[in-house]
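[1] With the sequence up front, the predicted model follows.
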Amino acid sequence: MSEHPLCTQAVVLVGGEGTRLRPITSRVPKPVAPVVERPFITYVLDLLARHGVQRVIFSSGFLASAIETECGDGLQYGIAVEHVVESEPLGTAGAIKNVQSRLDDGPLFALNGDVLTDVDLGALARLHKEKAAMATIFLTPVEDPRRYGLVCVRPDASVSSFVEKPGNEHSGGGLINAGVYVLEPPVLEMIPAGRMFSIERGVFPKLAQAGSLFAFVGAAYWRDIGTPESYLQAHFDILEGALKTAVADELGPGYVHVSSSARVAATARIVPPSYVADGAEVGAGAQVGPLAVIGAGASVGEGATVVESVVQAGARVGAHASVEGSVLVRDSWVGAGTQVSHAILGEACRVGAGNRLANGICLHPGVELPDNSVQFRDVEQSGEGR
Ligand code: GTP
């Protein structure tokens, strides 16, 4: 942390419905979805606290009470947290405008609440000050920028153009808006109050035209957890220590954490990197990992395999079942001998014995499949909103 942080307040946008992450977000908001057994938003709070941010305002909407229950006043994270709940979604700029009365008259960080990163916020704020910018955006390179905001930068770090979701007219890689900014207070005067307004469409292009939008391109780790694939990959990256997190400290040099309250049979194998949480059980001859998370109180039956997957708290994998490239949301069950490959099981699903699920199948929370009823693609995708 720098000794005199230039920016000590932050607005974190956590009001979205997270539709692309269903059924993982069918019953919990994206910021509270567990990532290696911690509510995702705690990674964001850790980042802000590490860089000297003292006050965070959460701009929430969808399932706001779950975020408030999880983070409270932020004391346990060493940062003062306030919650402002929108009665209707105001978009990425409207949501910042909506909390204006809570901000002091200095610059502020604004972050999308679904971004996992170890970006140097101090360096971002220093560039912002040095350039006397109105807004400075953290940019990150991606191979396919189509679902992001594509940004072109001049040699002096000023932004020459900002194109939100460029679509198919753009092929090849590019630098995208990573959803982390520093804003000066006058930027908030560009945003109408009380209605839906997008910072990407309504603010950044105008600032770019005026020459007062700058870009910070760091070599930081960055990923948004907005899709099942990126949610799973975020787990893998944390397990592999691709960025500094509290989990990396727990894993240690062997890249394995097995809670002292977990019960792991002597003949089970925990292959690094892997994380086995409190009260989890792993049966005789089972294999967990590489790249597996077994949540609190979850169980992996005798002879079962869990590879490159997340088995959330309270979920159960039956004897000799196999789970690969998949997420079992909390309290879901997989019967004996069932094979689950590249699938998402919503909360409290019950999949009987002898089934085979694969190829991106997503099951709604609470779906029940009898024994021997499904072989590979027999089930159509049934996640809410799909
Ligand atoms: P999808 O429905 O899957 O697109 O996810 P999302 O609703 O989270 O939208 P998106 O990923 O584009 O949002 C980026 C960040 O902005 C997330 O952290 C959202 O919670 C947040 N966000 C999006 N729209 C709003 C809004 O209207 N109000 C607030 N407060 N936050 C928002």
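    Now that the structure is in, tell me what you want to look at. For clarity, every value in this text was computed on a predicted model and none was experimentally measured.
[2] Residue ranges in the protein under the pLDDT threshold?
    1-3, 166, 168-172, 377-386 (pLDDT under 70).
[3] I'd assumed residue 48 was in a strand, is it?
    No - according to DSSP: H, G, I helix; E, B strand; the rest coil, residue 48 belongs to no strand; its state is helix.
[4] Nearest spatial neighbour of it, chain-adjacent residues omitted?
    The shortest distance from residue 48 to any non-neighbouring residue, by C-beta to C-beta, 6 or more residues apart in numbering, is to residue 10 (5.4 Å). Bear in mind the C-beta positions are built from the backbone N, C-alpha and C, glycine included.
[5] ok, so what distance separates the one you found from the ligand?
    Remark: distance between residue 10 and the ligand (C-beta to the nearest ligand atom, to the nearest Å) = 13 Å.
[6] now residue 27
    15 Å.
[7] Which of the helices or strands spans the residue nearest to that residue when sequence neighbours are not counted?
    Leaving aside its sequence neighbours, residue 27 sits nearest to residue 347 (C-beta to C-beta, 6+ apart; 5.3 Å). Using DSSP states H and E, residue 347 sits within no helix or strand.
[8] Now do the same contact list for the residue nearest to the spatial centre of the chain.
    What sits nearest the mean C-alpha location of the chain, by C-alpha atoms, centre = their mean, is residue 225, with 3.4 Å. Residues near residue 225 by C-beta atoms under 8 Å, 6 or more residues apart in numbering: 21, 30, 33, 35, 40, 114-116, 231, 234.
[9] can you give me the strands for the stretch 151-300 of the chain?
    For the stretch 151-300 of the chain, the strands defined by DSSP state E, counting those that start in this stretch occupy 159-164, 174-183, 213-217, 222-224, 256-258, 263-264, 269-270, 274-276, 281-282, 287-288, 292-294, 299-300.
[10] okay, these, which one's buried deepest?
    strand 292-294 (a mean of 30; mean count of other C-beta atoms under 10 Å).
[11] so what strands line up beside that one?
    Strands that pair with strand 292-294, judged by DSSP bridges, come out as strand 274-276 (parallel), strand 309-311 (parallel).
[12] Nearest to residue 164, out of these?
    Closest of the strands paired with strand 292-294 to residue 164 is strand 309-311, at 31.2 Å (criterion: C-beta to C-beta).
[13] The closest one: what's the following helix or strand?
    Counting by DSSP H and E, the element after strand 309-311 in chain order, helix or strand, is strand 316-317.
[14] Tell me which other helices or strands that following strand touches.
    Applying 3 or more C-beta pairs under 8 Å, 6 or more residues apart in numbering; DSSP states H and E, one finds that strand 316-317 makes contact with strand 299-300, strand 333-334.
[15] Near the residue nearest to residue 14 when sequence neighbours are not counted, how many other residues are there?
    Leaving aside its sequence neighbours, residue 14 sits nearest to residue 113 (C-beta to C-beta, 6+ apart; 3.7 Å). If you count neighbours by other C-beta atoms under 10 Å, residue 113 ends up with 24.
[16] so residue 113 touches residue 31, yeah?
    Yes - with contact defined as C-beta atoms under 8 Å, residue 113 reaches residue 31; the gap is 4.8 Å.
[17] Return every residue with contacts to both of these two.
    Counting by C-beta under 8 Å, 6+ apart, the residues touching both residue 113 and residue 31 are 14, 40-41, 44.
[18] tell me the contacts of the closest residue in space to residue 198 that isn't next to it in sequence?
    Closest residue to residue 198 apart from its sequence neighbours, by C-beta to C-beta, 6+ apart: residue 91 at 4.8 Å. Contacts for residue 91 were tallied using C-beta under 8 Å, 6+ apart; they are 196-199.
[19] could you list every residue that touches the residue nearest to residue 14?
    Taking C-beta under 8 Å, 6+ apart as the test, what residue 113 contacts is 12-14, 30-31, 40-41, 44, 58.
[20] of the residues you listed, list those near the ligand.
    Near the ligand, judged by C-beta under 6 Å from any ligand atom, the entries from those are 13-14, 30.
[21] now those as a markdown table including distance to residue 328, secondary structure and neighbour count?
    Listed next are those as a markdown table, based on distance: C-beta to C-beta, whole Å; DSSP: H, G, I helix; E, B strand; the rest coil; neighbours: other C-beta atoms under 10 Å:
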| residue | distance to residue 328 | secondary structure | neighbour count |
| --- | --- | --- | --- |
| 13 | 29 | strand | 25 |
| 14 | 25 | strand | 28 |
| 30 | 18 | helix | 26 |
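[22] what does the stretch 101-250 of the chain put close to the ligand?
    Going by C-beta under 6 Å from any ligand atom, the residues of the stretch 101-250 of the chain near the ligand are 112-114, 226.
[23] Drop anything exposed from the residues you listed.
    112-114, 226 (16 or more other C-beta atoms under 10 Å).
[24] can you list the residues you listed in TSV and add distance to residue 216?
    Output for these, formatted as TSV (distance: C-beta to C-beta, whole Å):
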residue	distance to residue 216
112	16
113	20
114	20
226	22
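[25] I'd like to know which of the residues you listed are part of strands.
    The strands, defined by DSSP state E, take in residue 112 from these.
[26] Could you list everything residue 85 pairs with in the sheet?
    Beta-bridge partners, per DSSP bridges, of residue 85: residue 60.
[27] Distance check, it against the ligand.
    On the measure of C-beta to the nearest ligand atom, residue 85 and the ligand end up 9 Å apart.
[28] residues in contact with that residue?
    60-61, 64.
[29] Turn those residues into a markdown table, columns for distance to residue 79 and neighbour count.
    Putting the contacts of residue 85 into a markdown table (distance: C-beta to C-beta, whole Å; neighbours: other C-beta atoms under 10 Å) gives the following:
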| residue | distance to residue 79 | neighbour count |
| --- | --- | --- |
| 60 | 16 | 25 |
| 61 | 21 | 21 |
| 64 | 19 | 18 |
